[in-house]
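S.K.: here is a sequence with its predicted model. Questions after.
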Amino acid sequence: MKIGILGGGQLAQMLAQAGESLDMQFAFVAPEQDACAAPYGKHLMYPYLDPKAKEELENWADIVTYEFESIPVPLVEALEQVKPVHPSSQALTLASDRLNEKNMFNQQGIETAKFATVDSLQDLQIAVEKVGLPAILKTRRDGYDGKGQVVLRDQSQLEAAWESLSPVACILESMVNFKREVSIVASRNVDGDIAYYPLAENYHREGILRLSLSLQNDPKQKEAEEIIRKVMEKVGYVGTMAVELFDLGDKFAANELSPRVHNSGHWSMDGAIASQFKNHLLAIANQPLQDTSLQNATAMVNLIGAIPDKDLVAEIPNAVLYDYGKEPKPGRKVGHINISADGDNDEDFIPNVIKVLDMVGQQELIGELLKSSFYK
Ligand code: AMP
């Protein structure tokens, strides 16, 4: 089966790697010459809105999918006229605008932070009255890894914050005092079957995910599954999706949804029988979904800006390094390391995770790891 992917980054790369065992071939539409997925298939090196991108992909692919939410919706809509495209343009439209996303969550009875739309400095002043301070001003579109966000703590910061992001449409969100951040990843196939992954607990620094921990038998697993099920069924979603959640103690508030495989699900490559990438491909090909249950507790550490010494990583038992083959740049995700427990009573597991955090300069996360619900 021939799968066309819009985007050629590491998510497309890992989808293609997962597709090898499923007898699938891949083509990637990606304007970048150095797209890291390119070695795994056919590289259609066009800007997304170049008519050749659509034409060549539709002539080649049986099914089309995408790897990030900034893909132009009109391209996805045009491809939908001629090919099965999963997830749909409706899911993309929803997820690519924070305002649509939050309205949808609330309509489904899912809590979010308080929010208000901001299209001018005057709107921002009114929004602050509604939402309160501290708050976060975010661009509605194209924000990722903490980009397009400004934290507001007092009134004197409003003008500078608006200047730094304007003139694009924004929303203001109240700052949530969460106990922990988790995400639920699930895959839904064309028939509507859903397979849920165990919750992951996530730690960010500078707005970038650094560490994800797969949780076993978390007491809030079912509550999170209900949330993602409602969202998936509302839009007739097909593929793998992630919903990031703030755990407020007595309830969850949803932060955002990703209509794609997600960084906080990378642990599944080593910790589950079927990874989120494999189940995405099975879902869009409408095949039965495979086992998502946790095989071994797994921690995922992102490699930001540099790949550590591979020989040192190889000395850590049950640590697997994924090098995306990207040119290292500050703040860029260039790989990740999954560290798994060797069975239920592996005393070396947490020390191994600590070694990796130390190796990548994330010492301050070690204390957080030891306090996490994963460790209990
Ligand atoms: P986002 O781009 O919306 O996923 O935000 C990146 C990270 O910023 C989140 O994972 C949180 O750690 C933090 N963050 C975003 N929005 C809020 C909020 N309303 N309250 C508190 N922290 C937030």
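M.R.: On my side now, so go ahead.

S.K.: switch to C-alpha atoms for all contacts and neighbour counts from now on
M.R.: Will do.

S.K.: the stretch 251-376 of the chain: strands as residue ranges?
M.R.: 252-258, 298-304, 319-323, 333-340 (DSSP state E, counting those that start in this stretch).

S.K.: closest one to Gly148 among those?
M.R.: With CA to CA, the closest approach to Gly148 among these belongs to strand 252-258: 14.6 Å.

S.K.: and the residue nearest the centre of the chain, what is it in contact with?
M.R.: In the chain, the residue lying closest to the centroid (CA atoms, centre = their mean) is His262, at 2.9 Å. Residues near His262 by CA atoms under 8 Å, 6 or more residues apart in numbering: Leu11, Val185, Met241, Ala242.

S.K.: same check, this time on Asp191
M.R.: Shown in contact with Asp191 (CA under 8 Å, 6+ apart): Asn286.

S.K.: go with 6 Å
M.R.: Contacts of Asp191 were listed using CA atoms under 6 Å, 6 or more residues apart in numbering, and none were found.

S.K.: and the end-to-end length of stretch 61-79?
M.R.: In stretch 61-79, first residue to last residue: 11 Å (CA to CA, to the nearest Å).

S.K.: hmm, I typed the wrong one, I wanted stretch 132-152.
M.R.: So stretch 132-152: terminal residues 10 Å apart, CA to CA.

S.K.: in it, what counts as buried?
M.R.: 132-133, 135-141, 143, 148-152 (16 or more other CA atoms under 10 Å).

S.K.: return the item of these having minimum pLDDT.
M.R.: On pLDDT alone, Gly143 ranks lowest of the buried residues of stretch 132-152, at 75.

S.K.: let me know the distance separating the nearest residue to that one once chain neighbours are set aside from the ligand.
M.R.: Distances taken as CA to CA, 6 or more residues apart in numbering place Gln149 nearest to Gly143, at 7.5 Å, with adjacent residues excluded. Distance of Gln149 to the ligand, computed by CA to the nearest ligand atom, to the nearest Å: 8 Å.

S.K.: beta partners for Gln149?
M.R.: Lys138 (DSSP bridges).

S.K.: what's opposite Ser258 in the beta bridge?
M.R.: With DSSP bridges as the rule, Ser258 is bridged to Ala242.

S.K.: show me what from the stretch 101-250 of the chain comes close to the ligand.
M.R.: Ala113, Tyr144, Asp145, Gly146, Glu173, Ser174, Met175, Val176, His204, Gly207 (CA under 6 Å from any ligand atom).

S.K.: against Gln107, how distant is the residue nearest to the centre of the chain?
M.R.: For His262, the distance to Gln107 - CA to CA - is 24 Å.

S.K.: and what of Gln122?
M.R.: 27 Å.

S.K.: compute the first-to-last residue distance for stretch 195-214.
M.R.: Across stretch 195-214, the terminal residues are separated by 16 Å (CA to CA).

S.K.: ok, back up a step: who wins for neighbours among the contacts of His262?
M.R.: Val185 (30 neighbours; other CA atoms under 10 Å).

S.K.: I'd assumed Ala242 was in contact with it.
M.R.: Yes. Taking CA atoms under 6 Å as the definition, Val185 is a contact partner of Ala242 at 4.3 Å.

S.K.: residues contacting Pro87?
M.R.: Val238, Gly239.

S.K.: try it again with 10 Å
M.R.: Going by CA atoms under 10 Å, 6 or more residues apart in numbering, Pro87 touches 64-67, 76, 188, 235-241, 259-260, 280, 283-284.

S.K.: Lys220 too?
M.R.: Applying CA under 10 Å, 6+ apart, the residues contacting Lys220 are Val182, Leu199, Asp247, Gly249, Asp250, Lys251, Phe252.

S.K.: which two in those are spaced the farthest apart?
M.R.: Leu199 and Asp250 (16.8 Å).

S.K.: the two: which is more packed in?
M.R.: Ranked by neighbour count (other CA under 10 Å), Leu199 and Asp250 place Leu199 first, with 26 against 6.

S.K.: what about the more buried one, distance to Gln295?
M.R.: For Leu199, the distance to Gln295 - CA to CA - is 14 Å.

S.K.: residues that sit against both of these two, list them.
M.R.: Common neighbours of Leu199 and Gln295 (CA under 10 Å, 6+ apart) are Gln216.

S.K.: just the residues of the stretch 101-250 of the chain next to the ligand: which are in strands?
M.R.: Glu173, Ser174, His204 (DSSP state E).

S.K.: phi, psi for Gly239 please.
M.R.: phi 130, psi -170 (degrees, to the nearest 10).

S.K.: ok, now how distant is it from Glu347?
M.R.: 36 Å.

S.K.: neighbour count: those two, which is higher?
M.R.: Set side by side, Gly239 and Glu347 show more neighbours around Gly239, with 28 against 11, by other CA under 10 Å.

S.K.: check contacts around the more buried one.
M.R.: Gly239 makes contact with 65, 86-88, 186-190, 194, 232, 259-261, 276-277, 279-286, according to CA under 10 Å, 6+ apart.

S.K.: one more time with 7 Å, if that's ok
M.R.: Contacts for Gly239 (CA atoms under 7 Å, 6 or more residues apart in numbering) come out as His86, Pro87, Ser187, Arg188, Asn189, His280, Ala283, Ile284.
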